[in-house]
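Colleague: please work out how this folds:
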Amino acid sequence: MNYRVAPLEGLWWGDDMDVFITANRAAWRWTMMIAQPSPVTQVWMERAFAEVQRKKQLSALPHVRFAAFHEGLAAQIMHVGPYATEAPTIQRLRDFIQAQGGRFTQKHHEIYLGDPRRTAPAKLKTVLRQPFAHA
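Modeller: Presented below is the predicted three-dimensional model:
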């Protein structure tokens, strides 16, 4: 079967979640993810990792892991423009959640719909998502 590579997704967090509405990107922590089709299993991934490591000796490969991800209830908004200008859009998302009586429950989540190597920064599209629960 043929599968398309899913978009790159990132989970972002910091000791204080207000870090995302500041310019202090050095305080951000992150995990990058790419969804896998259902036939891909832990065993398949382990075999692929072993083969890649044998052929390429990639130093970052030990940091790659295969894991299930479930987010639950979340609010999201589309940001169009450079990644560096996301703060006001993130603030709008946070304001919406708080207006609904919500509280943040998990890491800030971004889904990158453009390739920054091929797309002008002003045209980049990023889904900004924030999991929350009603207080």
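Colleague: need the strands for this structure, in chain order.
Modeller: Assigned by DSSP state E, the strands in the chain fall at 9-13, 29-33, 74-80, 102-104, 108-112, 125-134.
Colleague: check which residues of the longest helix along the chain are buried.
Modeller: The longest helix of the chain (DSSP state H) is helix 42-56. Buried positions in helix 42-56, judged by neighbour count with 16 or more other C-beta atoms under 10 Å: residue 49. Every residue, glycine included, has its C-beta placed from N, CA and C.
Colleague: name whatever forms a beta bridge with the residue positioned nearest the centre of the chain.
Modeller: The chain has residue 10 as the residue nearest its centroid, 1.7 Å off, counting by C-alpha atoms, centre = their mean. Counting by DSSP bridges, residue 10 is bridged to residue 32, residue 110.
Colleague: is it true that it touches residue 30?
Modeller: Yes - with contact defined as C-beta atoms under 8 Å, residue 10 reaches residue 30; the gap is 5.6 Å.
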